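Q: Task: produce atomic coordinates for the following.
(one chain, ligands or ions: 1)
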Amino acid sequence: MTFRATILTLYPEMFPGHLGFSLAGKAMERGQWALDAVQIRDFATDKHRTVDDTPAGGGAGMVLRSDILAKAIDHVSTDDNRPRLLMSPRGKPLTQQKVRELALGEGVIIVCGRFEGVDQRVIDARGLEEVSIGDYVLSGGEPAALTLLDAVVRVLPGVMGNALSGTHESFENGLLEHPQYTRPQVFEGREIPAVLTSGNHAAIDKWRREEARGLTAERRPDLLK
Ligand SMILES: C[S@@+](CC[C@H](N)C(=O)[O-])C[C@H]1O[C@@H](n2cnc3c(N)ncnc32)[C@H](O)[C@@H]1O
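A: Numbering: from 1, shown residues only. All right, here's what the predicted structure looks like:
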């Protein structure tokens, strides 16, 4: 099954962006996932192709109009069961668990906000699920959508060559990942921890588990709760 991502945006030329390279780019070439970026402005009705207007109640900036956005959403999602996401700093924070859930489905429809955001009525009327990529404000939803898709595409079946990577990674088991090392054996006087070159796999697993727990306790105690 091909995972299909449809992006509604005022900047379709930002896609596939970095997702056209490396693992995601190769997976796209192999047909494991597909992306289409739809220009919201194509659904405007006036000759200036206006998509926004001033906020009701006053205040700075502009708001994406519900009628224009609803037409764009309806155009791409007739008879479509894919989740409809709206990238938004007010949304539920994106987690690896959510990423895994999305990767099990047939795809996603992602609305990228701009300006001061999106008229609340289209969020309610089209059941958009607001998703945030962190507690900071970007100027648009596009980099957030690219980030979400990056995380989803890499866990699609068959995308990562090495089946092991992914399952031991940060957040997969509620822990941050242990430190990683590779050759040379000594770098500026710092050695690779001896256990990692001992060949004793039980000892290596134990060391990694302990390091992962220690790092998590120090940096992200919230994950241990
Ligand atoms: C300038 S922001 C609007 C911020 C909005 N006025 C607020 O205070 O919540 C414009 C768009 O960028 C996107 N965006 C900004 N920060 C984001 C974040 N942390 N996660 C996901 N999307 C974000 C959203 O699509 C948003 O509609």
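Q: Centroid-wise, who is the farthest residue in this protein?
A: residue 189 (38.6 Å; C-alpha atoms, centre = their mean).
Q: Just give the nearest non-adjacent residue to the residue in the chain that the ligand sits nearest to, would you?
A: Per C-beta to the nearest ligand atom, residue 113 is where the chain lies closest to the ligand, at 2.1 Å. Where you see a C-beta, it was placed from the backbone N, CA and C, and this is true even at glycine. Counting by C-beta to C-beta, 6 or more residues apart in numbering, residue 113 lies nearest to residue 141, which is 4.6 Å off, once chain neighbours are set aside.
Q: show me the contacts for the one you found.
A: 9, 86-88, 110-114 (C-beta atoms under 8 Å, 6 or more residues apart in numbering).
Q: Residue 150 too?
A: Per C-beta under 8 Å, 6+ apart, neighbours of residue 150: 18-19, 24.
Q: okay if I get the contacts of residue 141 as a markdown table plus neighbour count, secondary structure and pLDDT?
A: Below are the contacts of residue 141 laid out as a markdown table (neighbours: other C-beta atoms under 10 Å; DSSP: H, G, I helix; E, B strand; the rest coil; pLDDT from 0 to 100):
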| residue | neighbour count | secondary structure | pLDDT |
| --- | --- | --- | --- |
| 9 | 24 | strand | 98 |
| 86 | 26 | strand | 98 |
| 87 | 28 | strand | 98 |
| 88 | 21 | strand | 98 |
| 110 | 28 | strand | 98 |
| 111 | 29 | strand | 98 |
| 112 | 28 | strand | 98 |
| 113 | 28 | coil | 98 |
| 114 | 20 | coil | 98 |
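Q: That'll do, ta.
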